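Student: structure here, sequence nowhere to be found:
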Ligand code: NAD
């Protein structure tokens, strides 16, 4: 990868963009053919899901300007929403001025839960299960020799007593280093294997044995310093901090603030064939404060130089092996574009993109407001929705922007005028 700062990228044709991407990343044109119509056929789809009747396409685009730990990256994003990729590129451009994103992560630790019911002495049962820690870990590890071979394996066994209404469940957790896997199948297999023995030790009956999507031992983090001048001056800095504080203090704002972060995250998770629902469940469960209040996933502070320091930390259970990451040719090509060589590297990149998205959103909300840029991009969707053809879309969009009228009825009228030669 040479540079992710590509002037005029948005003005190029699809073919021209592909050739720039090939030049910059070294991923060859043949691999990018996975993004052509037919790059993923019904036969391949038939193996990935059930009752398949075809495939369903979405745009894949490239977010420019990202620098992560000093390395430039072109980020593949799959999204149906206009302005998401532009915003990620914009946020990354602002972060770039003072060095881009700095990232880190915990180990790739996932947990599976084994629930035991009908236990008469749950607290004593908890200790009986813990006394068999080594035996249970050994039994779980034996299920996945491949994982041990690549340096993963079971790192711990913990046991909780979960009280609800008049029940007290004994819940054992297998704590597993899943290396480059997302890890759901890996830990589920282990949980099933130890479940009967856990129930026997606890003196109860097993009900659930499945991973938790609250992947709070598998966190990825991103940090960026944003130059006050690049953002638009001291007032914008102060108002971005106000915007963040509203999200930190008010669940109504936090939900939208975090949705903006997930605009970036889910698009890269999807592009790389990872499980968007698992990442989203992990993120939103992590957005609950110690006091039990839903809050912002990110933070924005003014530093000693008057710049903004933005941070994001959240669970990021993504993999490079297993799931669709290996079987979907488009996902394989997208992973190749990122240049990520481990699940941790991909997780950190995705977190940086979430922060880029958040930075761009807060910047625009705290200054000119979201509608100007967003609606200009949305105008294209409106033009297409009212039936504008390839030769007409540009003209309809131009008129809607000039009139600041982003409505279907206006688009229909503009298109009719155009067709009648007015
Ligand atoms: P997987 O089981 O297909 O692959 C993981 C296996 O690959 C490991 O068990 C290991 O044996 C092997 N492996 C080879 N090289 C490895 C390396 N370098 N690092 C780690 N493992 C390596 O996939 P998975 O990641 O266990 O499961 C992911 C899939 O499970 C996704 O498709 C996800 O959608 C699905 N899923 C999710 C949930 C949930 O989130 N609640 C539940 C069930 C299934």
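Tutor: Good, I have the coordinates. Keep in mind the model is a prediction, meaning the values are calculated, not measured.

Student: got the end-to-end distance for stretch 211-219?
Tutor: Taking CA to CA, to the nearest Å, stretch 211-219 runs 16 Å from one end to the other.

Student: which residue ranges form the helices in the stretch 1-150 of the chain?
Tutor: For the stretch 1-150 of the chain, the helices defined by DSSP state H, counting those that start in this stretch cover 14-25, 29-32, 42-48, 84-96, 122-131, 133-141, 145-149.

Student: residue 109 is nearest to which of those helices?
Tutor: helix 145-149 (12.6 Å; CB to CB). C-beta here means a position set from N, CA and C on the backbone, and glycine is covered the same way.

Student: list the buried ones in that closest one?
Tutor: The neighbour-count check on helix 145-149 (16 or more other CB atoms under 10 Å) flags residue 147 as buried.

Student: and that helix, anywhere near the ligand?
Tutor: Yes. Contact of helix 145-149 with the ligand (CB under 6 Å from any ligand atom) involves 146, 147.

Student: quick one: that helix to chain centroid distance?
Tutor: Centre-to-centre, helix 145-149 and its host chain are 27 Å apart (CA atoms, centre = their mean, to the nearest Å).

Student: and the next helix or strand past that helix?
Tutor: Going down the chain from helix 145-149, the next helix or strand is strand 153-164, by DSSP states H and E.

Student: related to what we said a few turns ago, winner for burial among the helices of the stretch 1-150 of the chain?
Tutor: helix 84-96 (a mean of 26; mean count of other CB atoms under 10 Å).

Student: what helices or strands is that helix leaning on?
Tutor: When contacts are defined as 3 or more CB pairs under 8 Å, 6 or more residues apart in numbering; DSSP states H and E, helix 84-96 packs onto strand 60-68, strand 71-78, strand 219-226, helix 251-271, helix 343-365.

Student: got TSV for the helices of the stretch 1-150 of the chain, with mean pLDDT too?
Tutor: Formatted as TSV, those follow (pLDDT from 0 to 100):
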stretch	mean pLDDT
helix 14-25	95
helix 29-32	93
helix 42-48	89
helix 84-96	97
helix 122-131	98
helix 133-141	98
helix 145-149	97
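
Student: want to throw the ones you listed into a markdown table with distance to residue 358?
Tutor: Shown next, in a markdown table, are the helices of the stretch 1-150 of the chain (distance: least, CB to CB, whole Å):
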| stretch | distance to residue 358 |
| --- | --- |
| helix 14-25 | 25 |
| helix 29-32 | 29 |
| helix 42-48 | 31 |
| helix 84-96 | 7 |
| helix 122-131 | 40 |
| helix 133-141 | 38 |
| helix 145-149 | 34 |
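
Student: look up the closest residue to the spatially most central residue of the chain, ignoring the ones flanking it.
Tutor: By CA atoms, centre = their mean, the mean C-alpha position of the chain lies nearest to residue 265, the distance being 2.5 Å. Distances taken as CB to CB, 6 or more residues apart in numbering place residue 354 nearest to residue 265, at 4.1 Å, with adjacent residues excluded.

Student: just checking, that neighbour touches residue 224?
Tutor: No. With contact defined as CB atoms under 8 Å, residue 354 does not reach residue 224; the gap is 11.4 Å.

Student: who has more neighbours, these two?
Tutor: Taking other CB atoms under 10 Å, residue 354 and residue 224 do not tie; residue 354 has more neighbours (32 against 28).

Student: tell me which residues touch that one, please.
Tutor: Shown in contact with residue 354 (CB atoms under 8 Å, 6 or more residues apart in numbering): 222, 261, 262, 264, 265, 297, 298, 312, 314.

Student: farthest pair in those?
Tutor: 222 and 262 (14.1 Å).

Student: number of nearby residues for residue 252?
Tutor: Around residue 252 there are 10 other residues, counting by other CB under 10 Å.

Student: what's the answer for residue 232, then?
Tutor: Applying other CB under 10 Å, we find 16 residues neighbouring residue 232.

Student: what's the closest non-adjacent residue to it?
Tutor: Once flanking residues are discounted, residue 232 sits nearest to residue 367: 5.7 Å by CB to CB, 6+ apart.

Student: contact partners for the one you found?
Tutor: 232, 236, 239.

Student: and with 10 Å instead?
Tutor: Taking CB atoms under 10 Å, 6 or more residues apart in numbering, we find residue 367 in contact with 231, 232, 233, 235, 236, 239, 240.

Student: closest one of those to the ligand?
Tutor: Among the contacts of residue 367, residue 240 lies closest to the ligand (CB to the nearest ligand atom), at 33.8 Å.

Student: so the closest one sits right up against residue 298, yeah?
Tutor: No. Using CB atoms under 10 Å, residue 240 makes no contact with residue 298, being 11.2 Å away.

Student: overlap in contacts, the two.
Tutor: Joint contacts of residue 240 and residue 298 (CB under 10 Å, 6+ apart) are 310, 359, 362.

Student: of those, which is the most crowded?
Tutor: Within those, most neighbours by other CB under 10 Å means residue 359, with 31 neighbours.

Student: please name the nearest non-neighbouring residue to the closest residue to the ligand within the stretch 251-400 of the chain.
Tutor: Proximity of the stretch 251-400 of the chain to the ligand (CB to the nearest ligand atom) peaks at residue 322, 2.4 Å away. Nearest non-adjacent residue to residue 322, counting by CB to CB, 6+ apart: residue 181, 4.9 Å away.

Student: how about residue 312, secondary structure?
Tutor: Put simply, residue 312 is strand when judged by DSSP: H, G, I helix; E, B strand; the rest coil.

Student: contact residues of the protein facing the ligand?
Tutor: Counting by CB under 6 Å from any ligand atom, the chain sits next to the ligand at 144, 146-147, 150, 152, 178-186, 188, 211, 213, 275, 278, 319, 321-323.

Student: show me what the helix or strand of the chain with the lowest mean pLDDT is in contact with.
Tutor: Within the chain, no helix or strand scores below helix 371-385, which has a mean of 79 by mean pLDDT, DSSP states H and E. Residues outside helix 371-385 that contact it (CB under 10 Å, 6+ apart): 80-87, 90, 360-361, 364, 388-390, 392-401, 404-408, 410-412, 414-415.
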